[in-house]
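> this one's structure only:
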């Protein structure tokens, strides 16, 4: 199996050691730290910071935190300082980190596969109410994020989460992040294969494992056996997608090297079919390649996507087989294209056991602790003990008897958590934005909610699938490049010559059905105030010009710049 050295030099004995700096790859003998982040990780493993949080920082307070822990290692346990209130977007790239830092934290709870019990959800809600001023956003990677967390409260929060089997370990940092999975794994009628056993085995191997706690940068992964391709597999570092091999039956197709941010790349297929009981081996092999061969010299090139782009799929597969697996992988087919554009599981759907699951749509992932507790109560009152989160900032209640579905849907409506959302509510996604994020330039969550209301009022009959993704900065946490309408926050000049919040527009991106990046129209920027007018105008032109059955992304690719402006 893959080499898993505590000391990177231990893996170099069988490889030629080079003296030049190169890209900072351990496998090429480049062990000398090449930037501040690499030095920080060499000085002390990020996982070790937990002890200092529990024994020192939580007792002595914020001012006692070592800066290397505060802006570095604490991420290994899901903690980021949040943005100081009142710092406008124009100062984001100007101020020093300590000028942007508030004395409160974002804390990310990892929810692998989006799987929660109602008991776990209730604890998540209670922590939100008691320690996080009610905040509890659902992310587009199935996690929950708190804000306003005091360092003094972190040990107690950990105790409560871990008492119900949840954790914040490696929810951030240069580590294996949450493993996203199909939220209907094991229950959907149309499922090709249930990836849950593989996901659980990966967790057993990598979580809290110092062999994988010093990666070049973050590592994102996904597993799904759903034909809907419901885990945005194209933009993960490694992804396993359910397929049926003509000889071997159901298994997984392997993808590597996807990622967005400021240099987006879609993942590529290795052309390999992997049975479920070997998924964890392949995952560990890919993870080890990233650790050993990943570029550590420059943070801007430290994601796996750059290595894959340089090597190509054929070489990557060969290194995986020869150096890490010690065996050849079986060639296999590509996944079939999904038959529908929506992949969020919203609405009422029959399970393979005859019961039903109900997908509900919070507004841009924004909920609060009291609402989460009410969802847990409502689910239990209708016979369910299981909840799921999705990569579209949605939630699903599982295992509802047919005669209880209507009552559950009505109860959700009373909480403003509709299972029958408009296309705008269903398709609008937003990152954290300037309210809490130190990288953001503009506000996103409230803007997204207001946009939903305006579009529902102005275009009440619009029922086409449409995705509107709103990001507060260029880093694409909200996947702006692969949305029908992607909005990248920046400061723009309005008609009065004043600098105001606004967005650069990307049009026609997609995942699943003909995946690709959105088109940027030269000079097309809109102020936040003009945003509803702009989106309404573009959608009306789409309706007027589209051919029969044409999707927005296809229309945007061929439309004139005038039509998109």
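Arrived safely, thanks for sending. Note that this is a predicted model, so its numbers are computed, not measured.

> show me what contacts the residue nearest the centre of the chain?
What sits nearest the mean C-alpha location of the chain, by CA atoms, centre = their mean, is residue 141, with 3.0 Å. Contact analysis of residue 141 by CB atoms under 8 Å, 6 or more residues apart in numbering lists 177, 178, 180, 220, 391. (C-beta placed from N, C-alpha, C; glycine too.)

> so the fourth one touches residue 259, yeah?
Yes: with contact defined as CB atoms under 8 Å, residue 220 counts as touching residue 259 (7.2 Å).

> which neighbours do these two share?
Joint contacts of residue 220 and residue 259 (CB under 8 Å, 6+ apart) are 235, 236, 237.

> chain neighbours aside, what residue packs nearest to the first one?
Right, residue 235. Excluding its sequence neighbours, the residue lying closest to residue 235 (CB to CB, 6 or more residues apart in numbering) is residue 258, at 4.2 Å.

> tell me the pLDDT at the one you found?
For residue 258, the pLDDT comes out at 98.

> check residue 31 too.
pLDDT recorded at residue 31 is 88.

> count the neighbours of it for me.
By the criterion of other CB atoms under 10 Å, residue 31 has 17 neighbours.

> now residue 194. Nearest residue, chain neighbours left out?
Excluding the flanking residues, the one nearest residue 194 by CB to CB, 6+ apart is residue 186, at 4.4 Å.

> and that neighbour, how far from residue 113?
Note on residue 186: its distance to residue 113, by CB to CB, to the nearest Å, is 10 Å.

> what touches both of these two?
Shared contacts of residue 186 and residue 113 (CB under 8 Å, 6+ apart): residue 196.

> neighbour count for those two, which is higher?
Using other CB under 10 Å as the criterion, residue 186 and residue 113 rank with residue 113 on top: 25 against 19.

> helix, strand or coil for the more buried one?
helix (DSSP: H, G, I helix; E, B strand; the rest coil).

> show me what the residue lying closest to it once chain neighbours are set aside is bridged to.
Nearest residue to residue 113, sequence neighbours excluded (CB to CB, 6+ apart): residue 181, at 3.3 Å. Under the criterion DSSP bridges, residue 181 forms beta bridges with residue 223.

> any idea how far the nearest residue to residue 109 once chain neighbours are set aside lies from residue 45?
In space, and not counting its chain neighbours, residue 109 is closest to residue 144: 4.6 Å by CB to CB, 6+ apart. The spacing between residue 144 and residue 45, counted by CB to CB, is 26 Å.

> these two: which has the busier surroundings?
Between residue 144 and residue 45, counting by other CB under 10 Å, residue 144 is the more crowded of the two (28 against 14).

> helix or strand for residue 104, which one?
Using DSSP states H and E, residue 104 falls within strand 101-109.

> helices and strands around the helix or strand that that strand is followed by, which ones?
Following strand 101-109 in sequence order, the next helix or strand is strand 115-117 (DSSP H and E). With contacts taken as 3 or more CB pairs under 8 Å, 6 or more residues apart in numbering; DSSP states H and E, strand 115-117 sits against strand 386-389.

> report all helices and strands that the helix or strand just after the strand it packs on contacts.
Using DSSP H and E, the helix or strand that follows strand 386-389 towards the C-terminus is strand 395-400. Where contact means 3+ CB pairs under 8 Å, 6+ apart, strand 395-400 is packed against strand 356-360, helix 369-381, strand 386-389.

> go through these and name the closest to residue 91.
Evaluated with CB to CB, the helices and strands packed on strand 395-400 place helix 369-381 nearest to residue 91, the distance being 30.9 Å.

> just how off-centre is that closest one within its chain?
24 Å (CA atoms, centre = their mean, to the nearest Å).

> same question, stretch 501-511
Offset of stretch 501-511 from its chain centre (CA atoms, centre = their mean): 18 Å.

> for that stretch, which positions count as buried?
The neighbour-count check on stretch 501-511 (16 or more other CB atoms under 10 Å) flags 501, 502, 503, 504, 505, 506, 507, 508, 509, 510, 511 as buried.
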